[in-house]
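A.B. asks: Sequence below, structure please.
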Amino acid sequence: MDKLKVFKILLLEDDESTAKLLLHTLERYNFDVTHVADGMSGLTKIKNASFDLVISDVMMPYLDGLSFLEKGKDHIRNTPVIMLTSVSEKEQVVRAANSRVNVYLLKPVATNALLEKIAQLLQLKPEMIVDKKEHPLQISLKDLSVSQLLMEVKGCPSKKSLEELYNKFAHFLSGRTSVTNLRINLDKEFFWEASALKILDELVAKIVKNSNVRGHSLFLDSVYFKETVVDLKTYPYLSEVNIISK
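C.D. replies: Next comes the predicted model:
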């Protein structure tokens, strides 16, 4: 597969159970979801970042969904919008039509219908949407020499994969006090997770702090770094390692 895009979605939803359902559904695929619980917070996000899609509830505290769209129109511009509404809010439809709402979905939200509308609005072909659960994380380690280890990482991580990665390394390292060099090979699927660089930065931090491996003797190898321009300034530990592109 060619380089896969991770689509950025801004989700405005104040109901906790609905937000959890939507986050669970969307983050299973190659969607990077930023969630806020009110329109004022949504305005802050939309002013400081760009998104491929906005999903908004109507009734929210501080600033409702339609007021959010009206106040943020200069920043939202041509970004497609999905509005979540209940039957009792039908009187808002005329107002919403003037706020560039592309799609209305009734709550409770049917997740299949949501994914279908997202694909339509973003003009996504089937191969452009990836179910990350079909690419589970696989980790293996082996000795390259007395002082060097190789960690092979395949598949896509979740936001909670940091501990799994570090624990595998720590368990394999046990008793190997002479190890000072580590090479980590990562396939492209690893970077389908939007927080992949953050996971790697925190992994490197734990390795450096709890072993004899130092940043200058740690190598990250992936074709991802050849295909993608990465600004590592916000990742203090990654900026200290050796980046290799295949």
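
A.B. asks: List the contacts of G155.
C.D. replies: H135, P136, L137, Q138, D187, E189, F190 (CB atoms under 8 Å, 6 or more residues apart in numbering). C-beta coordinates here come from the backbone N, C-alpha and C atoms, glycine included.

A.B. asks: Correction: the previous question concerned K8.
C.D. replies: F31, D32, T34, A49, S50, F51, D52, L53.

A.B. asks: Show me which residues of the helix or strand hosting the third one are buried.
C.D. replies: Element membership for T34 (DSSP states H and E) is strand 31-36. Applying a neighbour-count criterion of 16 or more other CB atoms under 10 Å, one finds F31, V33, T34, H35, V36 buried in strand 31-36.

A.B. asks: Let's have the residues you listed in a markdown table, adding distance to S174.
C.D. replies: Listed next are these as a markdown table, based on distance: CB to CB, whole Å:
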| residue | distance to S174 |
| --- | --- |
| F31 | 38 |
| V33 | 37 |
| T34 | 39 |
| H35 | 39 |
| V36 | 43 |
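
A.B. asks: Which one of the residues you listed is nearest to V101?
C.D. replies: Ranked by distance to V101 (CB to CB), the buried residues of strand 31-36 are led by V36 at 17.9 Å.

A.B. asks: which intervals of this structure have sub-threshold pLDDT?
C.D. replies: By pLDDT under 70, the weakly predicted segments of the chain are 1-3, 87-99, 246.

A.B. asks: On the three-state scheme, T44 is what?
C.D. replies: Following DSSP: H, G, I helix; E, B strand; the rest coil, the label given to T44 is helix.

A.B. asks: count of neighbours near it?
C.D. replies: By other CB atoms under 10 Å, the residues close to T44 number 12.

A.B. asks: Distance-wise, check it relative to D38.
C.D. replies: 10 Å (CB to CB, to the nearest Å).

A.B. asks: picking that back up, narrow the contacts of G155 to those in strands?
C.D. replies: Q138 (DSSP state E).

A.B. asks: Got a quick ChimeraX command for the buried subset of the contacts of G155?
C.D. replies: This is how ChimeraX selects the buried members of those, with burial counted by 16+ other CB under 10 Å:
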select :135,137,187,189,190
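
A.B. asks: And the contacts of G155, which two are furthest apart?
C.D. replies: P136 and D187 (12.5 Å).

A.B. asks: Report the contact partners of the residue minimising distance to the centre of the chain.
C.D. replies: For the chain, the residue nearest the mean C-alpha position is A194 (2.6 Å; CA atoms, centre = their mean). For A194, the contact set (CB under 8 Å, 6+ apart) comprises V6, D32.

A.B. asks: Regarding it, what is its secondary structure?
C.D. replies: Following three-state DSSP, we place A194 in the coil state.

A.B. asks: SS state for the residue lying farthest from the centre of the chain?
C.D. replies: Ranking residues of the chain by C-alpha distance from their mean position (CA atoms, centre = their mean) puts V146 at the top, at 36.8 Å. Three-state call for V146 (three-state DSSP): coil.

A.B. asks: Skip the chain neighbours and tell me the closest residue to it.
C.D. replies: With CB to CB, 6 or more residues apart in numbering as the criterion, V146 has its nearest non-adjacent residue at 5.2 Å, and that residue is S178.

A.B. asks: Am I right that that neighbour sits in a strand?
C.D. replies: No: assignment of S178 by three-state DSSP gives coil, placing it outside any strand.

A.B. asks: Now for it, how many residues are close by?
C.D. replies: 10.

A.B. asks: and what of K159?
C.D. replies: 12.

A.B. asks: what's it in contact with, if anything?
C.D. replies: With CB under 8 Å, 6+ apart, K159 has these contacts: E27, E193, S195, I199.
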